[in-house]
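Chemist: this one's structure only:
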């Protein structure tokens, strides 16, 4: 069985804060299940470096770029025949990052309301993922993993910024009703370095999607 009766599984999405391990798990699950991958368009994002240098100036531009990029991915997934696993979701842009920037005074109310209206229009036209996998992690775990990967533009990330994001993630996940949800505790499960831990995640994903276990 699959979560939508006779409809095949098309879309798995991984959500989580900066440094949670979304890209790593996307690659590992795609390899195991033979799924296609859709990654966050970081390298080709023309606003990202400018954003970290001057957040108020570039926040709206950055968020609209991400929104459009992920909408394009979702359209391709819904049109396609293959099962796709997506690194980060369109919901995180709308419920985590944009509201956080607005709350911190880094996005104007005018821009935020414009952004929210655009997202609501998009949300009415798309289907949620068949399974959302949320990587839940404490701030120390996130910081440790961010430092390990050593991305230059992340050097200036502040702890209070990560904490604000984490609080919004927890609030969003606690009310998520769009579809099936699997929460993975990254403080306890190190799927990147421990094969047994990865096996545990694979088993849980299989159970959610196919009811095999």
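Modeler: Arrived safely, thanks for sending. Small disclaimer: the values here were computed from a predicted structure and weren't measured.
Chemist: Geometric centre of this protein: which residue is closest?
Modeler: Among the residues of the chain, residue 88 comes closest to the average C-alpha position under C-alpha atoms, centre = their mean, at 2.2 Å.
Chemist: what's the worst-scoring helix or strand of the chain on mean pLDDT in contact with?
Modeler: Least confident helix or strand of the chain, by mean pLDDT, DSSP states H and E, is helix 139-149 with a mean of 85. When contacts are defined by C-beta atoms under 8 Å, 6 or more residues apart in numbering, helix 139-149 is touched by residues 17-21, 137, 154, 157, 159, 162-163, 166, 186-187. Quick note: C-beta positions are derived from backbone N, CA and C, even for glycine.
Chemist: thinking again about what came up before, residues in contact with the residue nearest to the centre of the chain?
Modeler: In this structure, residue 88 makes contact with 13, 14, 15, 16, 22, 40, 70, judged by C-beta under 8 Å, 6+ apart.
Chemist: Neighbour-wise, give me the winner out of the residues you listed.
Modeler: Per-residue neighbour counts (other C-beta atoms under 10 Å) across the contacts of residue 88 peak at residue 13, which has 28 neighbours.
Chemist: bridging residues for that residue?
Modeler: With DSSP bridges applied, residue 13 shows beta-bridge pairing to residue 86, residue 132.
Chemist: related to what we said a few turns ago, among the contacts of residue 88, show me the least confident.
Modeler: In this model, the minimum pLDDT among the contacts of residue 88 belongs to residue 40 (77).
Chemist: before we move on, back to that, immediately after the least confident helix or strand of the chain, which helix or strand?
Modeler: Reading on from helix 139-149 to the C-terminus, the next helix or strand found by DSSP states H and E is helix 159-174.
Chemist: what's that following helix in contact with?
Modeler: Helix 159-174 is touched from outside by 15-19, 91-92, 95-97, 99-100, 103-104, 134, 136-137, 139, 142-143, 181, 183, with contacts defined as C-beta under 8 Å, 6+ apart.
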